[in-house]
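J.: Give me a 3D structure for the following:
(one chain, ligands or ions: 2)
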Amino acid sequence: MKVSYNDTPTCEKSVVTIGAFDGLHLGHQELIAQSLREARRMNVPLVVYTFDPPPKVFLHGQLQLLSLDQKITLLKQYGVDTVIVATFNEQFMLRTVDEFIQYIQKLNPVSLWMGDDFRFGKNREGDVKTLQQSFNVQLFSKLTCEKGIRISSTRIRSLFKEGNSNKASQLLGRVSDHTNSKGVSVNDHYSKV
Ligand SMILES: Cc1cc2nc3c(=O)[nH]c(=O)nc-3n(C[C@H](O)[C@H](O)[C@H](O)COP(=O)(O)O)c2cc1C
Ligand SMILES: Nc1ncnc2c1ncn2[C@@H]1O[C@H](COP(=O)(O)OP(=O)(O)OP(=O)(O)O)[C@@H](O)[C@H]1O
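T.: Numbers count the residues shown, from 1 in each chain. Ligands and ions are numbered 1, 2, ... in the order given. Model prediction:
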């Protein structure tokens with residue numbers, strides 16, 4: 001797997017998915033598995049474009065579920081071909097919708113895979129409709145738990161804060177414990193992924 005930091009390589013063709021993917025929970029895993037199936041069907045690489053730190057960690061000081069190294073290790077295990085890591089900071093946030101679209105265009109995506117709530121660009125001005133003007137966007141239905149509640153990084157962070165690491169681990173699809181004071185994950189066991 002290739003990892004590219006703060007640089008968007010040029011691809012002849014690709015399938016792309018974009019997001020913070022903090023925790024790489026069961027919903028993220030489904031989205032990546034579906035994107036990977038499509039990439040294999042089209043015989044093109046799967047590119048995951050992600051942010052470090054996750055925007056909600058940078059902007060709102062939320063608990064970080066996975067370090068960058070852990071996220072990269074898992075993405076490799078899932079069979080992703082290329083990961084692009086964008087350092088998320090004040091400077092990156094100023095990039096406009098058009099600038100970001102130009103970066104993604106370098107990947108020549110045959111399709112972009114994401115949930116319908118994806119936002120991007122300065123002041124979060126871009127959304128899925130904006131992307132649809134330039135790309136073939138495949139919207140992915142949100143995976144829910146058995147009670148019908150959407151699985152999200154936010155929900156998993158809350159579960160850890162409540163001390164419910166069993167339920168959090170269930171939604172992550174692997175055993176994980178967040179017991180240190182900085183909220184950086186410890187004791188992650190990848191064997192179940
Ligand atoms: C080029 C770019 C600029 C962004 N600028 C902002 C911003 O000004 N304010 C903000 O709250 N989020 C900003 N974001 C973060 C997005 O709102 C969002 O968190 C990110 O695209 C990840 O999507 P996800 O949270 O669905 O994984 C920006 C994202 C990108 C790609
Ligand atoms: N439960 C889910 N099922 C399928 N796709 C999901 C699910 N949750 C998020 N996604 C998708 O994964 C990509 C990355 O999402 P993101 O990193 O914002 O996850 P999140 O769980 O919504 O995080 P947060 O709760 O911090 O907003 C987006 O395209 C998003 O729509």
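J.: residues of the helix ranked longest in the chain that come out buried?
T.: Ranked by number of residues, the top helix in the chain under DSSP state H is helix 26-42. Across helix 26-42, burial judged by 16 or more other Cβ atoms under 10 Å covers 26-32, 34-36, 38-39. C-beta: built from backbone N, CA, C; applies to glycine.
J.: Going toward the C-terminus from it, what's the next helix or strand?
T.: strand 46-52 (DSSP states H and E).
J.: With Q133 as the reference, measure out to the most centrally placed residue in the chain.
T.: What sits nearest the mean C-alpha location of the chain, by Cα atoms, centre = their mean, is F21, with 2.7 Å. According to Cβ to Cβ, to the nearest Å, F21 and Q133 sit 25 Å apart.
J.: How about L75?
T.: 28 Å.
J.: what about the two, which has more around it?
T.: L75 (22 against 8; other Cβ atoms under 10 Å).
J.: Now do the SS call for the more buried one.
T.: helix (DSSP: H, G, I helix; E, B strand; the rest coil).
J.: Surely T10 is in contact with K106?
T.: Yes - between T10 and K106 there is a contact under Cβ atoms under 8 Å: 4.9 Å.
J.: neighbour count winner among these two?
T.: K106 (13 against 9).
J.: thinking again about what came up before, could you dump the buried residues of helix 26-42 into CSV with distance to L171 added?
T.: Formatted as CSV, the buried residues of helix 26-42 follow (distance: Cβ to Cβ, whole Å):
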residue, distance to L171
L26, 6
G27, 8
H28, 10
Q29, 11
E30, 12
L31, 14
I32, 16
Q34, 18
S35, 20
L36, 21
E38, 24
A39, 25
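J.: ok, of those, which one's closest to ligand 2?
T.: Proximity of the buried residues of helix 26-42 to ligand 2, judged by Cβ to the nearest ligand atom, is greatest for G27, which lies at 2.2 Å.
J.: Contact residues of this structure facing ligand 2?
T.: 19-22, 27-28, 30-31, 56, 114-115, 117-118, 140, 142-143, 150-154 (Cβ under 6 Å from any ligand atom).
J.: still on that earlier bit, relative to strand 46-52, how tilted is the longest helix of the chain?
T.: When axes from the mean of the first three to the mean of the last three Cα atoms, to 10 degrees is applied, the directions of helix 26-42 and strand 46-52 differ by 150 degrees.
J.: average pLDDT for stretch 76-84?
T.: Mean pLDDT, stretch 76-84: 98.
J.: Not counting its neighbours along the chain, what's nearest Q64?
T.: Spatial nearest neighbour of Q64, chain neighbours left out: V57 (4.7 Å); criterion: Cβ to Cβ, 6 or more residues apart in numbering.
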